[in-house]
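Trainee: take a look and give me a structure for this.
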Amino acid sequence: MNLYKSEFEFVVSFDELDPMNVVWHGNYIRYMEKARCDMFSKLDYTYADMEADNYAYPVAKMKVKYIKPAFFNDILIVETKIKEIEPALIIDYLIYNKKTNDKIFKAQTMQIALDKRTKTTLYVPPKALKDKLENLK
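Mentor: Sure, this is the predicted structure:
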């Protein structure tokens, strides 16, 4: 089930390439983070809002699959989908080339909610996030 879907578009810059002139594999994790921040902004519930609600969401688990290389000046789309919010935040990612529609990379993260002060695990999402997603239905 998808609770929310968002897209983030960007152009691959020269400094993101490795010596083989393809996007360095570690940059895909950065792309995921940028897309995740953009998604939360579009939901009107940012990391600053989470912090104000005393929540942190560190990544606890990540699965990645590299499918095809991306190159300088490619226009890429990162599609993010929130799959679950309880007991953990599960997000799927798909990166594809806007021009060719080729799938480049896919991944999934599992993030665990923590109380920022006590660092204890919380098994429920922030009420504000839950409300934002409920209001989309």
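
Trainee: what about stretch 107-126, start to end distance?
Mentor: With Cα to Cα, to the nearest Å as the measure, the first residue of stretch 107-126 is 24 Å from its last.

Trainee: what lies in contact with that stretch?
Mentor: With contact meaning Cβ atoms under 8 Å, 6 or more residues apart in numbering, stretch 107-126 is reached by 28, 32, 36, 45, 49-51, 53-65, 83, 85-93, 130. Where C-beta positions appear, they are placed from N, C-alpha and C, glycine not excepted.

Trainee: show me the contacts for the residue most central in space within the chain.
Mentor: Note on the chain: the residue nearest the mean C-alpha position is residue 36, at 3.2 Å, using Cα atoms, centre = their mean. Neighbouring residues of residue 36 by Cβ under 8 Å, 6+ apart: 80, 91, 109.

Trainee: shouldn't residue 117 be within a helix?
Mentor: No: according to DSSP: H, G, I helix; E, B strand; the rest coil, the state of residue 117 is coil, so it is not within a helix.

Trainee: what is the burial count for it?
Mentor: The local packing of residue 117 (other Cβ atoms under 10 Å) involves 8 other residues.

Trainee: which one of the contacts of residue 36 sits closest to residue 1?
Mentor: Within these, distances to residue 1 taken as Cβ to Cβ reach their minimum at residue 91, with 13.0 Å.

Trainee: distance check, the closest one against residue 120.
Mentor: Taking Cβ to Cβ, to the nearest Å as the measure, residue 91 falls 22 Å from residue 120.
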